[in-house]
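> with the input below, show me the fold.
(chains A and B)
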2 protein chains.
Amino acid sequence: MQEKRKRRRRRRSEQEETTAVPPITQPINVLPLYELATDEQLDILHDASMQILSEVGIAFLDDESQDILRQHGVEVRDDIAYFSPHIIEEYIAKAPAQFTQLARNPERNVIIGGKNICFAPVYGPPYVYDEDYGRREATLEDFKNFVKLAYLTPYMHHSGGTIVEPTDTAVDTRHLDMVFAHIKYSDKPFMGGVMDGTHAADTVAMAEILFGADAIRQNPAVISLININSPRLLDDRMLDALKVYARARQAVIITPFVLSGAMAPVSVAGTVAQMNAEVLAGIAFAQMVNPGTPVVYGSFQSTTNLRSGAPVFGSPESQQALYLTAQLARRYTLPVRSGGMFTASKISDAQGGYESVMSMLPAVMGGINFILHAAGWLEGGLSAGYEKFVLDCELLGMYHKYMQGVDFSDEGLAMDSIRTVKPGGHHLGTAHTMRHFRTAFFDGDLFDSNSAEQWQAEGAQTASQRANKKVKRLLKEYKRPFLDPAKEEALLEFITRRKNEIGTKR
Amino acid sequence: MQEKRKRRRRRRSEQEETTAVPPITQPINVLPLYELATDEQLDILHDASMQILSEVGIAFLDDESQDILRQHGVEVRDDIAYFSPHIIEEYIAKAPAQFTQLARNPERNVIIGGKNICFAPVYGPPYVYDEDYGRREATLEDFKNFVKLAYLTPYMHHSGGTIVEPTDTAVDTRHLDMVFAHIKYSDKPFMGGVMDGTHAADTVAMAEILFGADAIRQNPAVISLININSPRLLDDRMLDALKVYARARQAVIITPFVLSGAMAPVSVAGTVAQMNAEVLAGIAFAQMVNPGTPVVYGSFQSTTNLRSGAPVFGSPESQQALYLTAQLARRYTLPVRSGGMFTASKISDAQGGYESVMSMLPAVMGGINFILHAAGWLEGGLSAGYEKFVLDCELLGMYHKYMQGVDFSDEGLAMDSIRTVKPGGHHLGTAHTMRHFRTAFFDGDLFDSNSAEQWQAEGAQTASQRANKKVKRLLKEYKRPFLDPAKEEALLEFITRRKNEIGTKR
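Model prediction:
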């Protein structure tokens, strides 16, 4: 009897009947976007990319992919595909300008493309960092924690993918645990496994269980990150994953991964021309596999410290490359992914703050649609910071407010307030202020604006120390959103079966 | 004999015969500027400002100033001046679109206006902060230290003004010590005293000793900060200082100091309309005092935490206001001052980094000509951080590189490098990389891009701790630039005389 009551209480406490966190309004940037290049300069980049595509070529290290390319008129010699400009144009035109990705809570569906902005968490770190234990290998527990933090943050629209590598799980079944954690602990949209074709197929199968096989052919329920091994190479594993997703009409982000000076020229224009060729080849290929497949024009670009070879983040050259990338994607009417809260810092210190905004603000100003790594990134992506995650989210809130634009109406001009207040007076109590003070300014809770005396009295904490407390509070308050128990059971059955199959093969 | 040798050695060591720090190339932003508002939206702001100027009015709390205004057709009733739009237009048209400010080393003259960018240090803090001693009252020694740091930084074009308040000096003669320190420890241009008319007159007298009375009438040798007490009030002390400088044809930055929600409406458009009215009134007045006086359209705007009343920095609303300010100044063809590395943080932590870039990057993107507070600002301007100063300067270096733009030439496209490198290879050793690797990327020394292991091995230092070491190294290596001993003596004589006069009056 007592046992039963306890169980019931436990169930209630760990799963809310309704969604605890209010649905998010995905922002639309109503402000003009920053355009670095003229149309003529974009032409120069485009023409250089066409030259790379047709004369220098892109390696596709997969026989079936080469067959597909040949069937669609692409010349392939010695694993290298040579695309003529008209083939590129013909196939990228088949990709939708924008699309909706399903979330299991339909109020959290996201639109990717157009003027819509979608923020997603950091992706890929094998380590985590927090103020209590420092740097350590990431576990599935960490993975779940970050899914919960992303779920709780009103400024994050997406649950992301490999938020951290759960290194305490088996490599070849890890994708099952990760996708399940996204589904169980969040109701926001998520990303799929990409290690190879079977990971992709498993992700699609789980999405079919959750949404139905028909529904996900209408609108994708999975978006996945297909990296190009720059310079100019797509390997068989990535191509396998790409083919599986495209055939199931799930969205893919085709992303050259570039550190200028290493995987691309040291020059900004050369880097962008090469990346543009690479991503267009990948997108055209996806459209050959299944015309109309939702794709995102991706870009991960940073610069290299040429003395040490280490990646550098927030650099002025990366800012320039980002703006050019965004403009090129718009030229091709494709949704674009780039940016993030990048830093090479190992901790949430001043460097982490400076570099993160130097990378992220240009992504907002440049009109990037899908901003992966929008929170949590540390150490060049090798580590996910708990404190960094919630600090970055504070900035995401500011960007939401920024993108709402400026009210130039009579109410926005506030002439009644200006007329009322006498010289040297103040607007604090005016009718206009009273009408607007609740929404006038973004109001966060991590950046301290108190006096030095009060800050001292409260323990002289760094921003990272305050963030540490917020992380703990959020994880304590977390209640997971309702999930249909029948679907949860079906997913668990699928995972058990697949783990057995993969385990047997092993 | 020994004594003499020691003296000679001391002189050599504390003063270099030639300039130790290479002259700076002041950057020109070759990139397009960010424009938030359409021409129609700028018209709306302009019209609202004209309404404020003509119907609501600006208080000028000084009889002589009111007489000057009346003589130039401005209606003044009960201390409030009502400007008709045609008078504003007539007088602001007399201000130069850009001007050169003299430095005692002519290679360090700066151009203020047009596409030229000038960075100047933090201004006004009564406290300093460093990692060794924390927060304490600023002294003349601190003042000198910051002048030296600004002199040593290749990315700082200006020595600034009240970098910190030297609180260990007498208030009414402090300006003499500050101006002398700028002249003695730096050869970059500087700012003048503004506490009242006598401080301004003393600054002009010192500039005349240094440059000659005729020379400074051709090009200003002093630029000074005239704050407007928003909303809509210029007090007698600021007006006195303004009149002295304008009559001596020295440059003034007319700056409304606004926290939206307190000194201006909570709305961005209302804030900008009010500030625009205020600054135009000040500029028109300066042109009535002496037509052609070099002026800068100034703006200091931030938002208020409406729960505590504390100023908030790097807010999304401030970014929007900054872009509008820059556009309005360009509409009037006036040099513009705004922006800075603002933060409410008490230390150089993550908050300090995030907020600083959130304020500063828009100033660069928006085309602000004179960026005061470009390094060192902490705690809402109450404290100057030693570490913050050199960290901010690292960012200034990045902005220099950013503003150089992108090379879209064949050399920039690097097709030779792209053709040479095979798929999956690298560009590290290509001929193109070898031609450009020295200048391809901004190369700082404070942001750590090393591996976590190496960072650990080097003591796991925060950016602020690394900055602390750099500050000490810079101050140790500092050699002051050559100053004509006759001029130094004349300046010291002037200061001694003035200190006696002021002391007698006291």
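> going by C-alpha atoms from here, please, whenever you check contacts or count neighbours.
OK.
> what is the neighbour count of the closest residue in space to A:Cys393 that isn't next to it in sequence?
Nearest non-adjacent residue to A:Cys393, counting by C-alpha to C-alpha, 6 or more residues apart in numbering or on different chains: A:Ala375, 6.1 Å away. The number of residues packed near A:Ala375 is 33, by other C-alpha atoms under 10 Å in any protein chain shown.
> and A:Ala375, how close does it get to B:Gly212?
57 Å (C-alpha to C-alpha, to the nearest Å).
> hang on, the earlier thing: so what's the residue nearest to A:Cys393 up against?
Listed by C-alpha atoms under 8 Å, 6 or more residues apart in numbering or on different chains, the contact set of A:Ala375 reads A:120-122, A:340-341, A:388-393.
> which of the residues you listed fall within helices?
Secondary structure assignment (DSSP state H) places A:388-393 from the contacts of A:Ala375 within helices.
> for the most centrally placed residue in chain A, which non-adjacent residue is closest in space?
Centroid-nearest residue in chain A: A:Leu372, 2.0 Å away (criterion: C-alpha atoms, centre = their mean). Once flanking residues are discounted, A:Leu372 sits nearest to A:Ala120: 4.7 Å by C-alpha to C-alpha, 6+ apart.
> for the one you found, what are phi and psi?
Dihedral pair for A:Ala120: phi -130, psi 150, per degrees, to the nearest 10.
> and the gap between it and chain B?
Between A:Ala120 and chain B the computed distance is 19 Å (C-alpha to the nearest C-alpha, to the nearest Å).
> any weak-confidence spans in chain A?
By pLDDT under 70, the low-scoring segments of chain A are A:1-21, A:23, A:506.
> close to chain B: what parts of the stretch 1-150 of chain A are there?
A:31-32, A:34-36, A:41, A:44-45, A:48, A:52, A:56, A:58-59 (C-alpha under 8 Å from any C-alpha of the partner chain).
> which of those residues has the most neighbours?
Going by other C-alpha under 10 Å, A:Ile58 tops the residues of the stretch 1-150 of chain A next to chain B with 27 neighbours.
> what sits against it?
Neighbours of A:Ile58 in contact, by C-alpha under 8 Å, 6+ apart: A:80-82, A:232-234, A:278, A:281, B:423.
> wait, does stretch A:227-241 contact chain B?
Yes - legend: contact between stretch A:227-241 and chain B by C-alpha under 8 Å from any C-alpha is shown at A:229-233.
> list phi and psi for A:Arg135.
The phi/psi pair for A:Arg135 (degrees, to the nearest 10) reads phi -90, psi 130.
> ok, the residue in the stretch 151-300 of chain A positioned nearest to chain B - how many residues close by?
Nearest to chain B, among the residues of the stretch 151-300 of chain A, is A:Gly270, at 3.9 Å (C-alpha to the nearest C-alpha). Residues contacting A:Gly270 under the criterion other C-alpha under 10 Å number 29.
> what do you get for the one 10 residues further on?
The tally of other residues near A:Leu280 (other C-alpha under 10 Å) stands at 25.
> same check, this time on A:Ser409
Neighbours around A:Ser409, by other C-alpha under 10 Å: 12.
> distance check, it against chain B.
Distance, A:Ser409 to chain B, using C-alpha to the nearest C-alpha: 8 Å.
> report the contact partners of the residue of the stretch 151-300 of chain A closest to chain B.
A:Gly270 neighbours (C-alpha under 8 Å, 6+ apart): A:264, B:412-415, B:418.
> what helix or strand is it on?
Element membership for A:Gly270 (DSSP states H and E) is helix A:268-289.
> ok, then the element right after that helix?
Next along from helix A:268-289, by DSSP H and E: strand A:295-298.
> A:Leu324 should be in a helix, yeah?
Yes - remark: A:Leu324 belongs to a helix, assigned using DSSP: H, G, I helix; E, B strand; the rest coil.
> enumerate the positions of the strand or helix carrying A:Glu89 that are buried.
Counting by DSSP H and E, the element that carries A:Glu89 is helix A:85-92. For helix A:85-92, a neighbour-count test (16 or more other C-alpha atoms under 10 Å in any protein chain shown) marks A:88, A:91-92 as buried.
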